[in-house]
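**Q** The following block contains a protein sequence and its predicted model.
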Amino acid sequence: MITYYSANRILDLNFGATSYVVPSTLYVGLSTSTIGIDGTGATEPSSGAYARVAVTNNKTNFGTASNGALTNSVAITYTESTASWGTITYVFIADALTGGNIWFYEALPVPKTVQTATTVLFSASSLTLSMTNS
């Protein structure tokens, strides 16, 4: 789902030509709590080698949009956990390695409990970024 932050940047650009800087790198994060449409509420794992995964924002890594959506074209792989990360319920895309703004987010269809020595991986085409009406 698109956050208000992201939607506002796009609307301002298309209606009034208020430009914004498109992030050259996007960061894929995980949350153990519900993320709201306002981009708040994310609780990321705080230990165990967790870090958002940096993905260069280009057409090699993100496909071509169709019907208001696009997917990741490459696998997104996290460093193996060195401690429990808890139960991951949401994935999100932000514009910074820490903090920053959440642009898109989605609940995982099945929450994933990440124990020690677990590698979290989103295979190519498994994340869908959407700007469709619900």
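**A** Right, received. Where do you want to start?
**Q** Stretch 85-105: which residues count as buried?
**A** Within stretch 85-105, the residues scored as buried using 16 or more other C-beta atoms under 10 Å are 85-86, 88-95, 100, 102-105. To be clear about C-beta, it is placed using only N, CA and C from the backbone, and glycine gets the same treatment.
**Q** now for it, what's the gap between its first and last residues?
**A** Across its full length, stretch 85-105 reaches 18 Å between end residues, using C-alpha to C-alpha, to the nearest Å.
**Q** Now do it: everything it contacts.
**A** 1-3, 5-6, 23, 26-35, 39, 42, 45, 48, 50-52, 54, 106-108, 111-114, 118, 120, 122, 127, 129-130 (C-beta atoms under 8 Å, 6 or more residues apart in numbering).
**Q** out of these, which are inside helices?
**A** Judged by DSSP state H, these include Tyr5, Ser6 as members of helices.
**Q** For ChimeraX, what selects the buried ones among the contacts of stretch 85-105?
**A** Buried residues among these (16+ other C-beta under 10 Å), as a ChimeraX selection:
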select :1,2,3,5,6,23,26,27,28,29,30,31,32,35,39,42,45,48,50,52,114,118,120,122,127,129,130
